[in-house]
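Participant: Provided below are the primary sequence and the corresponding predicted coordinates.
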Amino acid sequence: MEVIIKERVQVSIRKIALYIFKKGYPDTAIKFAKRLENFALSLADFPDKHPICRQKSYAKRKYHCVPFESNYIFIYKLVDNKLIVLNVVQAARIR
């Protein structure tokens with residue numbers, strides 16, 4: 001299955017890494033950004049494993065929500081034989 005990572009996701013990952021970097025942890029920032037990217041790619045392994053989001057606006061569009069380390073949530077959708085990662089947000093922002 002092809003994975004498409006939207007620009008918005010890449011920007012979010014860079015912002016998260018920059019935040020960690022500015023806190024004085026440059027190595028951690030790089031490693032965490034890589035883990036976020038790898039997780040996004042791994043969603044294609046079992047694309048239907050994760051449920052449709054509970055938030056009404058996302059559920060209407062049949063977006064899937066999956067937590068990452070309890071602080072972030074990846075939002076993706078399945079279209080034909082493609083998994084499109086739409087966003088990664090702090091979990092507190094969509095609850």
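Facilitator: Yes, it's here.
Participant: what sits against the residue nearest the centre of the chain?
Facilitator: When Cα atoms, centre = their mean is applied to the chain, the residue found nearest the centroid is F74 (2.8 Å). Residues in contact with F74 (Cβ atoms under 8 Å, 6 or more residues apart in numbering) are V9, F39, A40, L43, C65, V66, P67, F68, V85, N87, V88. The way it works is simple: take the backbone N, C-alpha and C, and place the C-beta from them, glycine included.
Participant: so can I have TSV of these showing pLDDT?
Facilitator: Listed next are these as TSV, based on pLDDT from 0 to 100:
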residue	pLDDT
V9	96
F39	96
A40	95
L43	94
C65	94
V66	94
P67	93
F68	94
V85	97
N87	95
V88	95
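Participant: now, the residues you listed that are in strands?
Facilitator: Secondary structure assignment (DSSP state E) places C65, V66, P67, F68, V85, N87, V88 from the contacts of F74 within strands.
Participant: now that we have these, which of them are buried?
Facilitator: For the ones in strands among the contacts of F74, a burial check counting by 16 or more other Cβ atoms under 10 Å picks out C65, V66, V85, N87, V88.
Participant: so the fourth one touches K6, yeah?
Facilitator: Read it as N87. Yes: counting by Cβ atoms under 8 Å, N87 sits close enough to K6 to count as a contact (7.3 Å).
Participant: quick check, nearest of the buried ones among the ones in strands among the contacts of F74 to F32?
Facilitator: For these, the residue nearest F32 by Cβ to Cβ is V88; the value is 11.7 Å.
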